[in-house]
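Novice: Just need the structure, nothing else, for what follows:
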Amino acid sequence: MQNITLENDELSRKVMQYFLLLQIVAVVLVFILIFFHLYFLALAVSFITLFIFISTFLWLYLRYQLIPVVKEKHNLQQTTSLLQKSIHEEAAIVRKTKQKRESLFQDEKKENDTAVLNLQQGYIQKGLSSSYIKDAVISGVGPKLKERLATYHIFTADHVSNKILEIPGFGKAKYLALVGWRSEIYKQFDKTKPTKLPSEQLESLKQKYHALQQQNDANENKAHDNQLKLENDLRPLQLRLKHLVHITFTSYLGNSLASQGFMAVFIAFVLVAAQAISGVSATTFAIRASIPTATATPTATPTLTNTYTPTVTFTSTATLTPTITLTSTITKTPTTTFTPLPTRTRIPTIIPTRSLPTLDPLRYVTAICMDGHYSYSRHRQGTCSDHRGVRQWINKPPD
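Specialist: Numbers count the residues shown, from 1 in each chain. Next comes the predicted model:
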């Protein structure tokens, strides 16, 4: 009989084709949503496809379980498992019966030895109990001492013990004499003690263990017969399962994907890879989008800076026009000095070198030049031409 294979399931193949198309479209859609920064929507699409992925394979597995040949294989596997379990149990019973057989032999020997020992001890004990002190010849122990021993209930060799030392008139020497006499009696009976059980007792012991051995043998034979029967029942089931070895969910899944094995493997790889790529990509971008981004906000801290302007001292280089007449009392021209101020605005402070109550120098100043000199020009043209131009007009003259 050839191995049995599954027939192609057209419905499952169509479902898997549509599912493959859905997975490809879902991957493209996920990447489009990621491109437009719709990360959580892409993650939702990925979860939906994952749910469809799992549901599809569960549907395929349930559909696979409903195939008649699959049901047959499942029932055969269960029956085979039960038979194998029963075979193992019967084999265990056989092993136990063999172990019990050895144990019964040991028990029989042990019980026989114990019975013989008890018989010997009883024989010696009986001999000691039948040996009376009053009839014995014991060195140092006369009739009076024997009567005294009788008053303490010491009559036979079996009664001799170290309690004799407590009896008045019995020292260590007399005690040792009694012990020596008892030892002689013991040796006599030990030599004549029985070495085996009486025939009746021995036969009873043998019959007891013979019955136990027979019961054990019967259990062993029964377990062995059951084991052989179960093995005979199992053999055809195993042969049938051997022909159904290719009836597996993996083969059914491969047939559902494609008719050719290599193509089925490729499609399965595409399905798994598409789901993995879409899921990992959507999850990664969604996690990154959920992490808040730290934005550095500059804080302007105003710092007050004191700018000190240098003091500019103007020397007497002023050019006087012919219309200005200076008296001889004026020997020095006023000097304008700018002092440093703690404020941001530079305000020149004019400090005259000499108080001129009759003359206001600024009244005749035309402009302040770029290099700090004052010009007293009467015309706008040419003012501060030798001093890099006009910085500030004071009294702007006409053209």
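Novice: give the contact list for Met370.
Specialist: Shown in contact with Met370 (CB atoms under 8 Å, 6 or more residues apart in numbering): 384, 387-391. Heads up, the C-betas are built off the backbone N, CA and C, glycines and all.
Novice: Nearest residue to Phe266 in space, please, no chain neighbours.
Specialist: Using CB to CB, 6 or more residues apart in numbering and skipping residues adjacent in sequence, the residue nearest Phe266 is Ala258, 7.9 Å away.
Novice: Next one: that neighbour from Arg63, what distance?
Specialist: When CB to CB, to the nearest Å is the yardstick, Ala258 and Arg63 sit 17 Å from each other.
Novice: Tell me if I'm right that Ile87 and Gln227 touch.
Specialist: Yes. With contact defined as CB atoms under 8 Å, Ile87 reaches Gln227; the gap is 5.7 Å.
Novice: low pLDDT regions in the chain?
Specialist: 1-3, 293-364, 399 (pLDDT under 70).
Novice: For it, just list every one of the helices.
Specialist: Read by DSSP state H, the chain holds these helices, from start to end of the chain: 10-35, 39-65, 68-129, 143-151, 172-191, 199-243, 249-257, 261-290.
Novice: what's the second one packed up against?
Specialist: Read it as helix 39-65. Packing partners of helix 39-65 (3 or more CB pairs under 8 Å, 6 or more residues apart in numbering; DSSP states H and E): helix 10-35, helix 68-129, helix 249-257, helix 261-290.
Novice: try the last one
Specialist: Counting contacts by 3+ CB pairs under 8 Å, 6+ apart, the secondary-structure elements packed against helix 261-290 are helix 10-35, helix 39-65, helix 249-257.
Novice: would you list those in CSV and tack on distance to Gln188 and mean neighbour count?
Specialist: Shown next, in CSV, are those (distance: least, CB to CB, whole Å; neighbours: other CB atoms under 10 Å):
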stretch, distance to Gln188, mean neighbour count
helix 10-35, 100, 16
helix 39-65, 89, 16
helix 249-257, 89, 19
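Novice: JSON lines for the ones you listed, including distance to Asn232?
Specialist: As requested, the helices and strands packed on helix 261-290 are arranged in JSON lines below (distance: least, CB to CB, whole Å):
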{"stretch": "helix 10-35", "distance to Asn232": "39"}
{"stretch": "helix 39-65", "distance to Asn232": "30"}
{"stretch": "helix 249-257", "distance to Asn232": "31"}
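Novice: quick one: which of those is nearest Gln78?
Specialist: Closest to Gln78 of those is helix 39-65 (CB to CB; 13.6 Å).
Novice: picking up where we left off before, close enough to count as contact, the residue nearest to Phe266 and Ala268?
Specialist: No. Using CB under 8 Å, Ala258 makes no contact with Ala268, being 9.1 Å away.
Novice: and the residue nearest to Gln120 when sequence neighbours are not counted, what does it touch?
Specialist: Leaving out its chain neighbours, the residue that sits closest to Gln120 by CB to CB, 6+ apart is Lys193, at 4.3 Å. By CB under 8 Å, 6+ apart, the residues touching Lys193 are 119-120, 123-124.
Novice: Tell me the most packed of the residues you listed, by neighbour count.
Specialist: Within these, neighbour counts (other CB atoms under 10 Å) peak at Ile124, which reaches 19 neighbours.
Novice: For the residue nearest to it when sequence neighbours are not counted, grab the count of nearby residues.
Specialist: Excluding the flanking residues, the one nearest Ile124 by CB to CB, 6+ apart is Phe189, at 4.7 Å. Around Phe189 there are 18 other residues, counting by other CB under 10 Å.
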